[in-house]
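> compute the structure for the input listed below.
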Amino acid sequence: MIPGSSESRSPVVAVLHPGYLPWLGFFDQLRRADVFVYYDDVQYDKHGWRNRNRIKTQTGSTWLTVPVRHSGQGFQ
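Model prediction:
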């Protein structure tokens, strides 16, 4: 039950990793959630979308990428 509410449903919790540019679904999940957790204390996903995003341009789609500084051979 949601505190201060007469609703008898369980609260909706959304947990998302931060990304370079938010995607449309991000805002929908944020709007629908009773509790939103921005989970930024996790291992970096090297092949994911955390530091890049695809955008439309006049000449077609292109990638925007933020370089990630890393050190050593360990995990980021």
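> could I get the full set of helices for this structure?
Residue ranges of the helices in the chain, as given by DSSP state H, are 24-32.
> run through it and note the low-pLDDT ranges.
Counting by pLDDT under 70, the ranges of the chain that qualify are 1-7, 70-76.
> just the strands in it please.
In the chain, the segments counted as strands under DSSP state E are 13-16, 35-38, 52-57, 60-65.
> quick one: closest of those to Phe26.
strand 13-16 (6.5 Å; Cβ to Cβ). From N, CA and C alone the C-beta is placed, and that goes for glycine too.
> that closest one packs against which elements?
With contacts defined as 3 or more Cβ pairs under 8 Å, 6 or more residues apart in numbering; DSSP states H and E, strand 13-16 has these neighbours: helix 24-32, strand 35-38.
> and those: which comes nearest Thr62?
Across those, closest to Thr62 is helix 24-32 (Cβ to Cβ), at 18.5 Å.
> what's in contact with that closest one?
Val12, Ala14, Leu16, Gly19, Phe36 (Cβ atoms under 8 Å, 6 or more residues apart in numbering).
> pull the CA atoms of that helix into CSV?
Provided in CSV are the C-alpha atoms of helix 24-32 (Å, rounded to 0.1, in the frame of the first residue of the first chain):
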residue,chain,number,x,y,z
LEU,A,24,12.0,7.9,-24.3
GLY,A,25,11.2,4.8,-22.1
PHE,A,26,13.3,6.3,-19.3
PHE,A,27,10.8,9.2,-18.9
ASP,A,28,7.8,6.8,-19.1
GLN,A,29,9.2,4.6,-16.4
LEU,A,30,10.0,7.6,-14.2
ARG,A,31,6.4,8.9,-14.6
ARG,A,32,4.9,5.5,-13.8
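> Ala33 touches Val15, doesn't it?
No: look at Ala33 against Val15 with Cβ atoms under 8 Å: they stay out of range, at 9.1 Å.
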